[in-house]
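**Student:** coords please:
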Amino acid sequence: MDTYKKHSLTKGLWIAIAIFVSFAFATVAPAQDSVAVDSAVAAEIATESIAATEVAVTETVEAPDTVGDLVLGLNTVWMLLAAMLVFFMQPGFALVEAGFTRVKSSANILMKNLVDFSFGSLLYWFIGFGLMFGAGGFIGAPHFFDLSFYESDLPAEGFLVFQTVFCATAATIVSGAMAERTKFSMYLVYTIFISVLIYPVSGHWTWGGGWLMNGEEGSFMMELFGTTFHDFAGSTIVHSVGGWIALVGAAILGPRIGKYGKDGKSRAIPGHNLVLACLGVFILWFGWFGFNPGSQLAAAGEADRFAISHVFLTTNLSACAGGFFALLMSWIYYGKSSLSLTLNGVLAGLVGITAGCDLVSPAGAVIIGAASGVVMILAVDFIDKVLKIDDPVGASAVHGVCGFLGTVMTGLLATEEGLFYGGGAGLLGAQTFGALVIGAWAAGMGFVIFKTLDKIHGLRVSPRIEEEGLDIYEHGESAYN
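**Tutor:** Okay, the predicted model is just below:
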């Protein structure tokens, strides 16, 4: 019995030891597994931390250029603000034209200015912008409704809007010269041609990088003049284009009934409201501060700040000189200080300085403005009494003649390449040549278009409609009730 107990005790002891050892090994294995897992997790965390550090370093190196973005943003806002100011010139043109014409066609004048912009904007977006800035020689490649071809730091959409308001300005200049006697339907057809053909083609030759402003070695202008044509904001490209088309259109259309007597002498037909005309000129003057300084298309850098400030100054000085010298000239020439001629003198000064506002000195701007104010009065008299062309608002003299004059005078008064500053005759030749070529293009195309429309459908309303006013017969309503 004792022996059995001993054996039983010994056997139980060995079983207990075996269970303990088994339990110990079972505990150690999971612990080792846990340590292994913890080590793997730690290694993974460390790897991710290192990777995150590397990414952070990379992002720091490749961080966006916030200063560059700020500059581009400011330049974009400046361009769009300038476009707003130029757009505001549309009601200015409408008020000037309405004030300088008779009350019976006021609604027709307003309607044409409204349609110029709305219809012209659609057409210019549709095809005109591509023809002006697309790749090509004589004319750019069309890009229907597509802006992706245009590459620039500035947004293509914003630049389209900026160019659209300039195109609308060229189109609306013609309205005043052909006022009180043109069929509204024919005016719509003309708007199509200037928005999709006349303005985009001459614009492509210049601002679109075409042959008149191609400064590459061996180019036509460099070989002939040693420099390129310069028109900073559009004395020729915008204003002369509209002015020469206006002159041709008014000539083909013929004078208003009663403008010339049987003896051939001109008779004055006063406008109905000089208050509106004066307000319109002030609005145009204000809008010109977007027209000229805005053409810098930048305002963020030091050079741009000084450039737009200089253009602001030259633009204003020329306008003031144009108005003042037109006042003096009218006083001497007619014996009275004419308000209407003084208002047109201000516009003449603005048109004249637009080509070289960035190149001439403040004194040069005054000279250009004074010359434009005087020449405008002489041109109005010559067109009216010698050419016998009836231009109710003087658009052809203000925009056509003074746009040409200001462009040519830039070749004389530019402080770097001007003839009077020792720069030789190269720039003067380039300016004269470019203004003549673009003027011939605008006048020639205007003649073809208006003459064709006159033969096919007739440009002019009937005598009865003209005498009673276009408002009721063309639009079924009048401006004043």
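**Student:** Contacts only, for residue 257.
**Tutor:** 181, 463, 466, 467 (C-beta atoms under 8 Å, 6 or more residues apart in numbering). All C-beta atoms are positioned from the backbone trio N, CA, C, and that covers glycine.
**Student:** Relative to residue 109, how far out is it?
**Tutor:** 17 Å (C-beta to C-beta, to the nearest Å).
**Student:** what does residue 467 give?
**Tutor:** 17 Å.
**Student:** Compare neighbour counts for the two and give me the winner.
**Tutor:** residue 109 (28 against 12; other C-beta atoms under 10 Å).
**Student:** And the pLDDT for that one?
**Tutor:** We have a pLDDT of 96 for residue 109.
**Student:** Mind telling me what element it is part of?
**Tutor:** Element membership for residue 109 (DSSP states H and E) is helix 106-123.
**Student:** List the buried residues in that helix.
**Tutor:** Neighbour counts over helix 106-123 (16 or more other C-beta atoms under 10 Å) mark 106-113, 115-117, 119-121, 123 as buried.
**Student:** Is it correct that residue 113 is in contact with residue 92?
**Tutor:** No: with contact defined as C-beta atoms under 8 Å, residue 113 does not count as touching residue 92 (9.5 Å).
**Student:** about what we covered before: list just the nearest of the buried residues of helix 106-123 to residue 147.
**Tutor:** Residue 147 lies nearest to residue 121 out of the buried residues of helix 106-123, by C-beta to C-beta, at 14.0 Å.
**Student:** May I have the residues that are in contact with the closest one?
**Tutor:** So residue 121 contacts 164, 168 (C-beta under 8 Å, 6+ apart).
**Student:** From residue 164, how far out is it?
**Tutor:** Residue 121 is 5 Å from residue 164, by C-beta to C-beta.
**Student:** same check, this time on residue 479
**Tutor:** From residue 479 to residue 164 the distance is 27 Å (C-beta to C-beta).
**Student:** The two - which one has more neighbours?
**Tutor:** Taking other C-beta under 10 Å, residue 479 and residue 164 do not tie; residue 164 has more neighbours (23 against 18).
**Student:** So the more buried one belongs to a strand, correct?
**Tutor:** No: if the criterion is DSSP: H, G, I helix; E, B strand; the rest coil, then residue 164 is helix and not within a strand.
**Student:** thought it was touching residue 125?
**Tutor:** Yes: assessed by C-beta under 8 Å, residue 164 is found in contact with residue 125 at 7.0 Å.
**Student:** Check which helix or strand the nearest residue to residue 301 once chain neighbours are set aside maps to.
**Tutor:** Leaving out its chain neighbours, the residue that sits closest to residue 301 by C-beta to C-beta, 6 or more residues apart in numbering is residue 71, at 7.1 Å. Residue 71 is part of helix 66-87 when elements are defined by DSSP H and E.
**Student:** got the angle between that helix and helix 106-123?
**Tutor:** Interaxial angle, helix 66-87 versus helix 106-123 (axes from the mean of the first three to the mean of the last three C-alpha atoms, to 10 degrees): 150 degrees.
**Student:** Please tell me how far helix 66-87 is from the chain's geometric centre.
**Tutor:** 13 Å (C-alpha atoms, centre = their mean, to the nearest Å).
**Student:** Against which helices or strands is that helix packed?
**Tutor:** helix 156-177, helix 274-291 (3 or more C-beta pairs under 8 Å, 6 or more residues apart in numbering; DSSP states H and E).
**Student:** Identify each buried residue in the following helix or strand past the longest one, please.
**Tutor:** Pointing back at helix 156-177 there. Heading C-terminal from helix 156-177, the first helix or strand you meet, by DSSP H and E, is helix 184-193. Across helix 184-193, burial judged by 16+ other C-beta under 10 Å covers 186, 187, 189, 190, 191, 193.
**Student:** Let's test this: mean pLDDT of helix 184-193, rounded?
**Tutor:** Averaging pLDDT along helix 184-193 yields 93.
**Student:** by contact count, what packs against it?
**Tutor:** Using 3+ C-beta pairs under 8 Å, 6+ apart, the elements in contact with helix 184-193 are helix 106-123, helix 156-177, helix 426-456.
**Student:** Of those, flag the one that's most buried.
**Tutor:** Ranked by mean neighbour count, those are led by helix 156-177 with a mean of 24 (mean count of other C-beta atoms under 10 Å).
**Student:** now the angle between helix 184-193 and that one, please.
**Tutor:** 140 degrees.
**Student:** about what we covered before: show me what the helix or strand that the helix holding residue 109 is followed by packs onto, helices and strands only.
**Tutor:** Reading on from helix 106-123 to the C-terminus, the next helix or strand found by DSSP H and E is helix 129-133. Secondary-structure packing of helix 129-133 (3+ C-beta pairs under 8 Å, 6+ apart): helix 156-177, helix 199-205.
**Student:** Touching the shortest one from outside, list them.
**Tutor:** Read it as helix 199-205. 124, 127-129, 131-134, 136, 138-140, 163, 167, 170-171, 210-213, 237-238, 241, 437-438, 441-442.
**Student:** Pull the number of nearby residues for the closest residue in space to residue 74 that isn't next to it in sequence.
**Tutor:** Spatial nearest neighbour of residue 74, chain neighbours left out: residue 300 (4.4 Å); criterion: C-beta to C-beta, 6+ apart. The tally of other residues near residue 300 (other C-beta under 10 Å) stands at 18.
**Student:** contacting residues around residue 300?
**Tutor:** 70, 71, 72, 74, 75, 78.
**Student:** Dump the strand or helix carrying residue 244 to CSV, keeping only the CA atoms.
**Tutor:** Element membership for residue 244 (DSSP H and E) is helix 241-253. What follows is helix 241-253, C-alpha atoms only, in CSV (Å, rounded to 0.1, in the frame of the first residue of the first chain):
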residue,chain,number,x,y,z
VAL,A,241,-11.1,101.3,-88.8
GLY,A,242,-14.5,102.5,-87.5
GLY,A,243,-13.9,106.0,-88.7
TRP,A,244,-13.0,105.1,-92.3
ILE,A,245,-15.9,102.7,-92.6
ALA,A,246,-18.2,105.4,-91.2
LEU,A,247,-17.0,107.9,-93.9
VAL,A,248,-17.6,105.4,-96.7
GLY,A,249,-20.9,104.3,-95.4
ALA,A,250,-22.1,107.9,-95.0
ALA,A,251,-20.9,108.7,-98.5
ILE,A,252,-22.8,105.8,-100.1
LEU,A,253,-25.9,106.4,-98.0
